[in-house]
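1. make a model of this:
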Amino acid sequence: MNDLKRLPLAALFCGLLASSAAIAAPAAKYKTSLPPPVELSYAIKAKQKGIPLEGESLMRWSIEGGKFSATNEARAPLFGKILDTRSEGEVDAYGLAPSSFTEKRFRKEAATTTFDRAAGTIRFANAEQTTPIRGGEQDRNSVIWELVSVARGAQAKFKPGTSWEFVVAGVRDAEPWTFKVVAQEKLRTPLGEVNSLHVTRAPMADSNDHHIEIWLAPSMEWYPVRVRYSEDDGDYIEQTLRAISRKTP
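-> Next up is the predicted model:
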């Protein structure tokens with residue numbers, strides 16, 4: 001695979017966290033149970049304009065003393081790190097309460113969105129407007145771990161046919177996200193066959209956002225064993241878990 005064929009993977013990752021819709025309502029409050037600290041390694045497969053692409057990503061989750069940190073790094077051959085996101089914050093009655101969300105895209109400067117809880121507003125990196133904090137708001141990195149925490153807290157209630165509402169901030173604005181549990185599925189992974197719950201999030205009708213699918217594994221602390229971002233034109237990125245490294249606080 002030559003350099004030109006690898007370049008679309010970087011471009012595809014750079015669009016993962018784009019957002020266009022506006023916030024509408026406060027986040028729902030769910031019972032949560034935070035997962036143990038962990039480092040998750042994923043193999044990446046993608047397609048853009050019919051070209052198959054590969055890469056790797058690493059998700060780190062830590063929680064200690066009422067504070068959390070969540071990072072996600074994606075790499076592609078020849079290009080190195082093409083996406084780097086970080087969420088930091090505390091834990092409150094809603095679960096995770098981010099204080100900052102930083103996104104570093106390929107060949108672009110880092111952008112940070114700040115959750116100013118003293119002022120009660122979210123300040124976006126790439127927009128002048130602010131959004132009020134009403135409780136439960138997440139960012140595009142922390143929301144995966146909030147979903148994991150909600151699933152762990154709900155247990156038997158987190159089942160096919162249920163929907164779970166969140167408000168999610170990016171670098172430009174915030175919008176409501178609805179995750180739907182669609183099925184129980186058995187996945188083949190480098191770690192063997194894994195029983196999972198398949199969760200989907202479709203973008204709002206007036207949004208150019210991605211369709212997101214997440215497979216959570218109850219037998220593995222509800223960690224995401226697969227994450228897939230897809231476009232209407234068939235382009236996609238799929239991350240499949242290949243290694244787990246447990247961490248102590």
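2. where does residue 231 fall, phi/psi-wise?
-> Backbone torsions for residue 231, taken as degrees, to the nearest 10, come to phi -110, psi 160.
3. go ahead and confirm it touches residue 212.
-> No. Counting by CB atoms under 8 Å, residue 231 does not reach residue 212; the two are 11.3 Å apart. Bear in mind the C-beta positions are built from the backbone N, C-alpha and C, glycine included.
4. so which of the two has more stuff around it?
-> The residue with more neighbours, out of residue 231 and residue 212, is residue 212; 20 against 16, by other CB atoms under 10 Å.
5. mind telling me what element the more buried one is part of?
-> Per DSSP states H and E, residue 212 falls inside strand 211-217.
6. return the helix or strand in this structure with minimum mean pLDDT.
-> helix 3-14 (a mean of 48; mean pLDDT, DSSP states H and E).
7. C-terminal to that helix, what's the next element?
-> Next along from helix 3-14, by DSSP H and E: strand 38-48.
8. and that following strand, average pLDDT?
-> For strand 38-48, mean pLDDT is 90.
9. what lines up beside it in the sheet?
-> Here strand 38-48 has these sheet partners by DSSP bridges: strand 51-64 (antiparallel), strand 236-246 (antiparallel).
10. dump the ones you listed into a markdown table; add distance to residue 93 and mean neighbour count as well.
-> Conversion of the strands paired with strand 38-48 to a markdown table gives the following (distance: least, CB to CB, whole Å; neighbours: other CB atoms under 10 Å):
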| stretch | distance to residue 93 | mean neighbour count |
| --- | --- | --- |
| strand 51-64 | 16 | 18 |
| strand 236-246 | 28 | 17 |
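11. any chance of these in CSV, with distance to residue 177 and mean pLDDT too?
-> Formatted as CSV, those follow (distance: least, CB to CB, whole Å; pLDDT from 0 to 100):
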stretch, distance to residue 177, mean pLDDT
strand 51-64, 19, 91
strand 236-246, 18, 93
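12. paired strands for the longest strand seen in the chain, with orientation please.
-> Ordering each strand of the chain by length in residues (DSSP state E) puts strand 174-189 first. If you go by DSSP bridges, strand 174-189 pairs up with strand 163-169 (antiparallel), strand 192-201 (antiparallel).
13. next, the buried residues of the first one.
-> Burial within strand 163-169, assessed by neighbour count using 16 or more other CB atoms under 10 Å, is assigned to 164, 166, 167, 168, 169.
14. sorry, back to before: distance from the chain centre to the longest strand of the chain, please.
-> For strand 174-189, the separation from the chain centroid amounts to 12 Å (computed by CA atoms, centre = their mean, to the nearest Å).
15. coming back round to it: who are the packing partners of the strand holding residue 212?
-> helix 142-154, strand 174-189, strand 192-201, strand 223-230 (3 or more CB pairs under 8 Å, 6 or more residues apart in numbering; DSSP states H and E).
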